[in-house]
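Asker: Based on what follows, work out the 3D shape:
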Amino acid sequence: MQKRTVTLVAVGGLLIAGVVAYIVNNRGADIGAGEPKSAQTKAADAKSADAKAAPKGTDGKGDAKADAKAAGKGPPPAPVEVVTLKASRVQEDLGAVGTLRANQSVMLRTEVTGRVETIGFRDGQAVKRGQLLIGLDASFNEAEVAQAKAELALAQSSLKRTEDLAARNFVSSSAQDQAESNVAVLQARLQLAQARLSKMRVLAPFDGVVGIRAVNVGDVLRDGTDIVNIEDIRTLKVDFRVPERFFTQMKVGLPVEVAADALPGTTYRGSIEAINPRIDANGRSLELRASLGNSDGRLRPGMFARVRVVVGDRPEAFMVPEEAIVPQGDRFFVFRVAADGRAQRVPVRLGVRRDGQVELLDNVQAGDRIIVAGMRVQRDGQPVRVLGDAPRGNGAAGGAGAAGAPPADGKTAPRKADGPGGAAAAK
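Answerer: Predicted structure coming up:
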């Protein structure tokens with residue numbers, strides 16, 4: 001019992017000591033938190049916080065130097081592609097459409113009534129001038145001619161006897177005059193009969209090719225009936241129109257190139273042979289006619305034709321892809337790479353436009369490098385880095401060919417594509 005009492009007393013003392021120590025410690029922490037910090041303590045805390053926020057290896061002075069260096073360097077040069085200008089021959093032309101016509105064309109018709117007795121041609125055959133094409137029944141007309149000849153012969157014999165008698169004063173002079181008059185009348189009647197007889201034969205008026213006949217042997221034709229058409233296609237004509245503003249540029253003898261949709265890849269050359277002196281008031285257009293050879297006979301009258309009139313020829317012209325053109329209102333610019341590696345904006349006038357190429361008329365010369373692709377150049381003097389020549393062209397373009405004829409008003413309107421300036425540079 002005595003030992004158990006001592007043990008309980010010891011355990012109780014330890015518990016009391018622990019509670020007292022806990023109370024004392026908590027009271028000291030509360031007192032320390034309520035006291036104000038000293039100035040040195042605050043400065044030390046602030047310095048420690050700045051040291052933690054700043055990156056390693058930097059300080060305030062280092063940040064200022066980096067900012068100044070970055071401001072002086074600027075943006076990197078824009079990578080671009082260029083074309084180097086080279087002189088080439090360019091023909092200035094004007095495109096139009098027209099219709100092919102035969103050099104001579106006629107629909108043969110009868111002038112008198114008659115029955116078809118002879119047909120002297122085959123459909124589509126080439127014929128010569130004076131060749132018999134249609135022969136009508138001429139038996140009645142031949143009889144008229146024979147009768148007129150007999151009457152004329154009789155009148156001429158009577159006139160001769162009258163002249164002999166008049167020479168011996170056996171007849172009066174009035175009888176001789178009447179005999180002469182009778183001979184003249186019968187001569188005229190014979191000529192009329194012969195003319196009627198000639199109308200029974202339809203002859204080819206010129207060398208050409210006949211079409212498909214519309215008559216047969218035995219048909220009775222009235223005067224004015226269509227028989228067959230005949231065309232002279234060794235030489236063809238093409239009639240076309242151009243706007244009236246090109247009147248001063250059109251001259252007789254100007255070369256033309258004609259292409260037919262029915263014969264792709266084939267071009268025929270000719271020249272202007274006539275200009276209508278009158279302007280069409282309805283369409284304000286000028287009508288022209290050109291002639292061209294057709295020795296191979298492939299072109300036919302009535303075909304739709306595309307006409308290209310060459311109005312100018314420049315042996316030294318500069319062509320660039322149309323992507324290089326920067327429009328701004330009614331003005332046009334290109335960007336040229338200067339010697340210092342900066343983009344230089346150059347105002348230009350545009351000439352002909354063909355196959356995606358545009359002619360530059362001024363302010364450029366051979367060897368200039370014109371920007372056509374790459375990063376968009378935003379301003380004059382912007383640094384650029386040339387990647388190489390653009391594969392789409394080398395600044396040279398031929399003048400032959402009619403595909404890409406210029407607009408009718410002669411102006412070029414390049415599209416705002418992915419050029420060096422684009423919409424941003426046009427502002």
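
Asker: Does anything pack onto the helix or strand containing Ser181? Which helices or strands?
Answerer: Using DSSP states H and E, Ser181 maps to helix 173-198. The contact analysis (3 or more CB pairs under 8 Å, 6 or more residues apart in numbering; DSSP states H and E) places helix 173-198 against helix 139-167. Backbone N, C-alpha and C define where each C-beta goes, glycine included.

Asker: still on that earlier bit, now do the buried residues in the helix holding Ser181.
Answerer: Counting neighbours by 16 or more other CB atoms under 10 Å, one finds that the buried residues in helix 173-198 are Gln176, Ala179, Asn182, Val183, Leu186, Arg189, Leu190, Ala193, Arg196, Leu197.

Asker: Any chance of CSV for those residues, columns pLDDT and distance to Met107?
Answerer: Output for those, formatted as CSV (pLDDT from 0 to 100; distance: CB to CB, whole Å):
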residue, pLDDT, distance to Met107
Gln176, 77, 51
Ala179, 85, 47
Asn182, 87, 43
Val183, 89, 41
Leu186, 91, 37
Arg189, 91, 32
Leu190, 92, 32
Ala193, 91, 28
Arg196, 89, 22
Leu197, 91, 23
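
Asker: Closest to Leu263 out of the residues you listed?
Answerer: Leu197 (46.1 Å; CB to CB).

Asker: The closest one contacts Asn141, doesn't it?
Answerer: Yes - the criterion here is CB atoms under 8 Å, and Leu197 meets it with Asn141 at 4.0 Å.

Asker: Next, the angle from the helix holding Ser181 to helix 139-167.
Answerer: With axes from the mean of the first three to the mean of the last three CA atoms, to 10 degrees as the basis, helix 173-198 and helix 139-167 are set at 160 degrees to each other.

Asker: Let me see the contact set for the residue lying closest to Ser173 once chain neighbours are set aside.
Answerer: Spatial nearest neighbour of Ser173, excluding adjacent residues (CB to CB, 6 or more residues apart in numbering): Ala166 at 6.5 Å. Ala166 makes contact with Ser172, Ser173, Ala175, Gln176 under the criterion CB atoms under 8 Å, 6 or more residues apart in numbering.

Asker: quick one: the second one from Val307, how far?
Answerer: The one in question is Ser173. 73 Å (CB to CB, to the nearest Å).

Asker: what's around Arg269, how many residues?
Answerer: A total of 12 residues lie near Arg269 under the criterion other CB atoms under 10 Å.

Asker: Same check on the one 3 residues further on?
Answerer: For Ile272, the neighbour count with other CB under 10 Å is 20.

Asker: secondary structure element for it?
Answerer: Per DSSP H and E, Ile272 falls inside strand 267-280.

Asker: Report the contact partners of Val358.
Answerer: For Val358, the contact set (CB under 8 Å, 6+ apart) comprises Met319, Val320, Pro321, Glu322, Ala324, Ile325, Leu350, Gly351, Val352, Thr412, Pro414.

Asker: let's see 10 Å
Answerer: By CB atoms under 10 Å, 6 or more residues apart in numbering, the residues touching Val358 are 318-325, 332, 334, 348, 350-352, 397, 412, 414.

Asker: Next: Ser285.
Answerer: Ala96, Phe240, Arg241, Val242, Pro243, Glu244, Phe246, Phe247, Asn276, Ile279, Ala408 are the contacts of Ser285 under CB under 10 Å, 6+ apart.

Asker: same deal with Gly208?
Answerer: 102-106, 126-129, 229-234.

Asker: do Pro205 as well
Answerer: Applying CB under 10 Å, 6+ apart, the residues near Pro205 are Gln104, Val106, Leu108, Val127, Arg129, Gly130, Leu133, Ile230, Asp232.

Asker: Quickly list what the fourth one is bridged to.
Answerer: Looking back up the chat, that one is Val127. Assessed by DSSP bridges, Val127 has beta-bridge partners Gly208.

Asker: thinking it is in contact with Val210, fair?
Answerer: Yes - at 5.7 Å, Val127 and Val210 qualify as touching, with contact defined as CB atoms under 10 Å.

Asker: Tell me the residues that contact both of those two, please.
Answerer: Once CB under 10 Å, 6+ apart is applied, the residues that Val127 and Val210 both contact turn out to be Phe121, Leu133, Ala204, Val228, Ile230.

Asker: Out of those residues, name the ones that lie in strands.
Answerer: Leu133, Val228, Ile230 (DSSP state E).

Asker: what's near enough to touch Arg278?
Answerer: Per CB under 10 Å, 6+ apart, neighbours of Arg278: Leu286, Glu287.

Asker: could you pull out the helices for the stretch 301-427 of the chain?
Answerer: Secondary structure of the stretch 301-427 of the chain (DSSP state H, counting those that start in this stretch): helices at 422-426.
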